[in-house]
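Engineer: Quick one: sequence plus predicted model below, questions after.
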Amino acid sequence: MRHFLFHNFRFIFALDRWIRLRFTKAGRLVLGSLIAAGVFSVDAQQTLAYQLFSLLLALLLLAMLSSRFFRVRLTAQRDLPQFATEGETLHYQVQVLNHTHKLQRSLTLIDNVKWHPPSFETFLQAKEPGHEKRNWFDNYVGYPRWLWLMKRRKGAEIAEQTLPPIPPFFLSQSEKPQQANASYSNFEASLTLKMTLTPLRRGYVHFTSMTFTRPDPYGLFNALYTIDLPDSLLVLPKRYPVGSLSLSGTQKYQRGGVQLAMSVGDAEEFVSLREYRPGD
């Protein structure tokens, strides 16, 4: 039974990601209302529920249809540091270039990292922090533990970034809008923005692509534009604070004078080193 549930976790996870990526917060609210209205509209006497179901369904279909007309041509480039440290937030820059002749507005950038699903043996042996506080059903099914493993093996969390308007290619520098959190290049229709990344484990974090989203005019459904952009970042082990060491030994004058001090290494500069002797 647990083996069957384990193999269905990927489908549930993919469906949840698709809904969160495609539907805005308002869209997820409408989708939930649509499902609830559909349940109550099974009863033919519930005419209000049926009308609400029809209205919400038509609204979502129009939103999905309008997203098909999303046309954009963008390129992007990451500027990653040489390495990161587990648990320490870092910032890196991304340059986005608009190749169209239209001002691109209302875009959100999502930097995608490769997912690494755990094996069934790893899933059974893993111990999620705080699992003893969960109810018996969650501990038996194990989906929260599977989500924790997926997040841990992913390696990093990257915050989504809302983009300011990207000027069209033919605009001059004086016509480009000024934004406080982005800088525009002098001769290209591009902007440079700052992304925030939090490493979750040591090892390599593998980037796969970048996704640009834009909501439809109703603000319910997101249109997507994805570009492949593989890259990797090395994450060093977590650093732990260590107090200053206070050693009891101190340097003092040795009997024998300067000649002995030169032999034992107390001089300001190195002078000589005796040969190796048996017993050293």
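Structural biologist: Thanks, I have it.
Engineer: for the stretch 51-200 of the chain, which spans come out with low pLDDT?
Structural biologist: Within the stretch 51-200 of the chain, the stretches with pLDDT under 70 are 169-189.
Engineer: Helices of that one, start to end?
Structural biologist: In the stretch 51-200 of the chain, the helices defined using DSSP state H, counting those that start in this stretch lie at 120-125, 136-141, 143-154.
Engineer: Which element, helix or strand, includes the spatially closest residue to residue 68 that is not a sequence neighbour?
Structural biologist: Spatial nearest neighbour of residue 68, excluding adjacent residues (Cβ to Cβ, 6 or more residues apart in numbering): residue 223 at 7.7 Å. Every C-beta, even on glycine, is put in place using the N, C-alpha and C of the backbone. If you go by DSSP states H and E, residue 223 is part of strand 222-236.
Engineer: Kindly report the same for residue 16.
Structural biologist: helix 2-22.
Engineer: Who are the contact partners of residue 53?
Structural biologist: 34, 37-38, 41 (Cβ atoms under 8 Å, 6 or more residues apart in numbering).
Engineer: Please report phi then psi for the residue nearest to it when sequence neighbours are not counted.
Structural biologist: The spatially closest residue to residue 53, leaving aside those adjacent along the chain, is residue 37, at 3.9 Å (Cβ to Cβ, 6+ apart). In terms of degrees, to the nearest 10, the main-chain angles of residue 37 are phi -70, psi -40.
Engineer: what about residue 37, neighbour count?
Structural biologist: 20 (other Cβ atoms under 10 Å).
Engineer: Residue 210 and residue 190: what is the separation?
Structural biologist: 14 Å (Cβ to Cβ, to the nearest Å).
Engineer: so who does the closest residue to residue 147 other than its chain neighbours touch?
Structural biologist: Leaving aside its sequence neighbours, residue 147 sits nearest to residue 13 (Cβ to Cβ, 6+ apart; 7.4 Å). Residue 13 makes contacts with 146-147, 150, as judged by Cβ under 8 Å, 6+ apart.
Engineer: Most neighbours of all those residues, which one?
Structural biologist: residue 146 (21 neighbours).
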